[in-house]
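K.L.:
here you go, sequence then predicted model.
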Amino acid sequence: MKPEKYRELTREELERMARDLGEELFNLRFRVSTQKLDNPLRLRHVKRDLARILTILREDEIGRTRLPGSADAPSGGGVKTEREKEEMRNEGDSKKD
């Protein structure tokens, strides 16, 4: 699934999907060691999907993106512009004086 589709889901749905994919990854790794897989590429897809979901959850946690129904994200959200970053640096410098 594309990251844009994951960003449309709520945090609870993503956490549930991450848990399910983690279990599937465990089972696939176990089956690799004991028998041949029907679809060995499934292992790669599961790992990548899990990584995408965990990345999106982390972005929501630090406020880079805002997931639907996420109350703990900052209201402004998003990445700061270079101008905002520069203003923050200048504020920090002026406080030291």
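P.N.:
Okay, I see it. Residues are numbered from 1 along each chain as shown.

K.L.:
Ala67 in helix, strand or coil?
P.N.:
One thing to correct before we go on: residue 67 is Leu, not Ala. coil (DSSP: H, G, I helix; E, B strand; the rest coil).

K.L.:
report the separation between it and Phe30.
P.N.:
Look at Leu67 and Phe30: by CB to CB, to the nearest Å, they are 31 Å apart. All C-beta spots, glycine's among them, are computed from the backbone N, C-alpha and C.

K.L.:
so for the two, which residue has more residues nearby?
P.N.:
For Leu67 versus Phe30, neighbours defined as other CB atoms under 10 Å are more numerous around Leu67 (20 against 10).

K.L.:
can you name the residues that contact Glu12?
P.N.:
Shown in contact with Glu12 (CB atoms under 8 Å, 6 or more residues apart in numbering): Gly69.

K.L.:
helix or strand next in line after whichever strand or helix holds Arg16, which one?
P.N.:
In this structure, Arg16 sits in helix 11-34 according to DSSP states H and E. Next along the chain after helix 11-34, taking DSSP H and E as the criterion, comes helix 41-62.

K.L.:
now do that next one, average pLDDT.
P.N.:
Per-residue pLDDT over helix 41-62 has a mean of 92.
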